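Participant: this one's structure only:
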Ligand SMILES: NC(=O)c1ccc[n+]([C@@H]2O[C@H](COP(=O)([O-])OP(=O)(O)OC[C@H]3O[C@@H](n4cnc5c(N)ncnc54)[C@H](OP(=O)(O)O)[C@@H]3O)[C@@H](O)[C@H]2O)c1
């Protein structure tokens, strides 16, 4: 059976690993025919990912969009509904992290973070949830963070946005339960991805890898429809960095 899945921020890091893990699942599950709609701002990243995915057994569809721009969010949602008529799974993964001491953070840092992590996530979810609600079926993953419930000294704006995402998750969950839509909040600790920029070998040695996050997400998707994995919290074994 065809499953339409949209993954935002699919070009790099955790989003890329989630796409590859769903593609791999198709290889071992003949009933699962994923159409992976891969979105981010950088076309080259998506082209490279799409070349890897079909080898694993999935169909891919690329759409570039900046989640911080409402027009592009609307185009992305319209593309899904016009082309497929429906959506089975939305992975709200695209996110910005600007980590600096409080006094160095700028208005541009604030706007870029809030427009992507909060505004883009909210409106894309709102636009696509309507279709799931109508069909009484669907699954939405939010890649929030351990920073959605625990503050770190250099993550004030980032934490504001992630605490905010958690507010959306909890409010939406109340609504979603009534219409048989599954909501999963994924809260990872430190994962080696481009978001971190340069990282020392010592830190890399203890950080998680993107595939460590992707595997339990795909497992949660394959739970029976009657069961929702509501939260996934993953930390480096050494704890938060
Ligand atoms: N890495 C961690 O330690 C960690 C821990 C907890 C939670 N998370 C969360 O996991 C999600 C993915 O993070 P990641 O570490 O995989 O990040 P990443 O390596 O920086 O990748 C972010 C992805 O989002 C896309 N994106 C779309 N709009 C963006 C924008 N306005 N600014 C920046 N990137 C944008 C990027 O591609 P383009 O630049 O081409 O658009 C890229 O594909 C984020 O929501 C993050 O907050 C990460």
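Facilitator: Structure received. Not measured: the values here are computed from a predicted model.
Participant: can we go C-alpha only for contacts and neighbour counts from here?
Facilitator: OK.
Participant: and residue 21, how many neighbours?
Facilitator: As a burial measure, residue 21 scores 21 neighbours (other Cα atoms under 10 Å).
Participant: List the buried residues in stretch 150-162.
Facilitator: Residues of stretch 150-162 classed as buried: 154-162 (neighbour count, 16 or more other Cα atoms under 10 Å).
Participant: close to the ligand, is it?
Facilitator: No. Between stretch 150-162 and the ligand, judged by Cα under 6 Å from any ligand atom, nothing touches; the nearest distance is 7.5 Å.
Participant: just to revisit the earlier point, when you check the buried residues of stretch 150-162 against the helices, which ones overlap?
Facilitator: 156-162 (DSSP state H).
Participant: hmm, back to that, want to throw the buried residues of stretch 150-162 into TSV with pLDDT?
Facilitator: Formatted as TSV, the buried residues of stretch 150-162 follow (pLDDT from 0 to 100):
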residue	pLDDT
154	92
155	93
156	96
157	97
158	98
159	97
160	97
161	98
162	98
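Participant: residues contacting the residue most central in space within the chain?
Facilitator: Centroid check for the chain by Cα atoms, centre = their mean gives residue 93 as the closest residue, at 2.0 Å. Counting by Cα atoms under 8 Å, 6 or more residues apart in numbering, residue 93 makes contact with 7-10, 14-15, 141-144.
Participant: can you rerun that using 6 Å?
Facilitator: Contact partners of residue 93, counting by Cα atoms under 6 Å, 6 or more residues apart in numbering, are 8-9, 143.
Participant: about what we covered before: distance to residue 182 added to the buried residues of stretch 150-162, as JSON lines?
Facilitator: Compiled in JSON lines, these are given as follows (distance: Cα to Cα, whole Å):
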{"residue": "154", "distance to residue 182": "33"}
{"residue": "155", "distance to residue 182": "29"}
{"residue": "156", "distance to residue 182": "30"}
{"residue": "157", "distance to residue 182": "28"}
{"residue": "158", "distance to residue 182": "26"}
{"residue": "159", "distance to residue 182": "25"}
{"residue": "160", "distance to residue 182": "25"}
{"residue": "161", "distance to residue 182": "22"}
{"residue": "162", "distance to residue 182": "20"}
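Participant: which one of those residues is nearest residue 148?
Facilitator: For the buried residues of stretch 150-162, the residue nearest residue 148 by Cα to Cα is residue 162; the value is 4.5 Å.
Participant: measure the nearest residue to the closest one once chain neighbours are set aside to residue 84 for me?
Facilitator: Nearest residue to residue 162, sequence neighbours excluded (Cα to Cα, 6 or more residues apart in numbering): residue 148, at 4.5 Å. Applying Cα to Cα, to the nearest Å, the value for residue 148 to residue 84 is 33 Å.
Participant: repeat for residue 93
Facilitator: Taken as Cα to Cα, the span from residue 93 to residue 84 is 21 Å.
Participant: ok, back up a step: need the phi and psi values for the residue nearest to residue 162.
Facilitator: Backbone torsions of residue 148, given as degrees, to the nearest 10, read phi -80, psi -10.
Participant: what does this structure have sitting close to the ligand?
Facilitator: Residues of the chain found near the ligand (Cα under 6 Å from any ligand atom) are 9-15, 40-42, 66-68, 93-96, 116, 143-145, 188-195.
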